[in-house]
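Visitor: Quick one, what's the 3D model for this:
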Amino acid sequence: MEQMKITDLTDEQISFQLILHSGNARSCLIQSLRTYKEGNMEKADALIAKAEQDLSAAHDIHFQMIQKESGGQEAAFSLLLMHAEDHLMSTLTMKELVKELLDLFKTKNL
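Guide: Predicted structure coming up:
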């Protein structure tokens, strides 16, 4: 996935990119559990990898935002940005939980 430069985006577009990538990741994580439940372990692992790609893109955008603010440019705060941040953080938590569940299921041959 090509790195996105936030300097090319409006504040709203930045928020929507965070929501887009974390939402895609969240969908892949849920689908990975469902796919594992159906017995397709390889596809479940591939969906986790896809989720991690989307989360990497979101994390990169987030990191650029932090760099921008730490460089002296004030960040524009909005309800949309707060929603995007919440979406990203909850998806990161979900990723860790789903990975742990899948590891447990594999270990126990479930």
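Visitor: where does the chain dip in pLDDT?
Guide: Where the chain drops to pLDDT under 70, the residues are 1.
Visitor: hey, where'd the helices end up in it?
Guide: 11-37, 41-70, 79-107 (DSSP state H).
Visitor: is it true that Leu92 touches Leu55?
Guide: Yes. Assessed by Cβ atoms under 8 Å, Leu92 is found in contact with Leu55 at 6.5 Å. Any C-beta I mention is one placed from the backbone N, CA and C, and that applies to glycine too.
Visitor: shared neighbours, the two?
Guide: Applying Cβ atoms under 8 Å, 6 or more residues apart in numbering, one finds that Leu92 and Leu55 are jointly contacted by Ser22.
Visitor: neighbour count winner among these two?
Guide: Leu55 (23 against 16; other Cβ atoms under 10 Å).
Visitor: What about the residue lying closest to Leu102 once chain neighbours are set aside, how many residues nearby?
Guide: Spatial nearest neighbour of Leu102, excluding adjacent residues (Cβ to Cβ, 6 or more residues apart in numbering): Tyr36 at 6.0 Å. A count of nearby residues for Tyr36, using other Cβ under 10 Å, gives 22.
Visitor: For Leu92, see how far away Tyr36 is.
Guide: 20 Å (Cβ to Cβ, to the nearest Å).
Visitor: Enumerate every residue touching the residue nearest to Leu102.
Guide: Ala44, Leu102, Phe105.
Visitor: got it, and Thr91?
Guide: Per Cβ under 8 Å, 6+ apart, neighbours of Thr91: Ser22, Gly23, Ala25, Arg26, Leu29, Leu55, Ala58.
Visitor: between the residues you listed, which has the most around it?
Guide: Among these, Ser22 has the most neighbours (other Cβ under 10 Å), with 29 neighbours.
Visitor: Hmm, Ala57 and that residue touching each other?
Guide: No. Counting by Cβ under 8 Å, Ala57 is not a contact partner of Ser22; they are 9.3 Å apart.
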